[in-house]
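>>> What follows is a protein structure lacking sequence information:
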């Protein structure tokens, strides 16, 4: 199994259960994201704590999630970044575009705040 998806009260939590978010996994993640967004979900937390590696196709999937949530007036939060994945996001300057939380609780708080600001 590549992902664990939990639909919770006002967000969906997606946990990537693979060590690599790369060309083998990213297309199916994108498909899941489009389905979730198509079902009306606006807020997504993507937990990458199991991922030790991410390539450009993985970054592309992350950006798709961010765009889908923004287009739905929702929030997208990344959490569980390992050092290598965080470094890639920083080098790509995506840390200025993406909302990054350092724990699931912080991610949930960021979603709550985004919802209450509406």
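Perfect, thanks for sending it. Keep in mind it's a predicted model, so treat the numbers as computed, not measured. Numbers count the residues shown, from 1 in each chain.

>>> which residues sit in contact with the nearest residue to residue 76 once chain neighbours are set aside?
Of all residues not flanking residue 76 in the chain, residue 69 sits nearest, at 3.8 Å (Cβ to Cβ, 6 or more residues apart in numbering). Where you see a C-beta, it was placed from the backbone N, CA and C, and this is true even at glycine. For residue 69, the contact set (Cβ atoms under 8 Å, 6 or more residues apart in numbering) comprises 37, 42, 43, 44, 75, 76.

>>> Next step: those restricted to helices.
Using DSSP state H, residue 37 are the members of those that sit in helices.

>>> re the thing from before, please, which helix or strand holds the residue nearest to residue 76?
Per DSSP states H and E, residue 69 falls inside helix 56-71.

>>> residues of that helix that come out buried?
Within helix 56-71, the residues that count as buried by 16 or more other Cβ atoms under 10 Å are 57, 58, 59, 61, 62, 63, 64, 65, 66, 68, 69.

>>> Give me the residues contacting stretch 16-30.
Where contact means Cβ under 8 Å, 6+ apart, the residues beyond stretch 16-30 that reach it are 1-4, 14, 46-48, 50-55, 57-58, 60-61, 64, 85.

>>> where does the residue nearest the centre of the chain fall, phi/psi-wise?
Taking Cα atoms, centre = their mean as the criterion, residue 46 is the residue nearest the geometric centre of the chain, at 3.0 Å. Main-chain dihedrals, residue 46, degrees, to the nearest 10: phi -110, psi 110.
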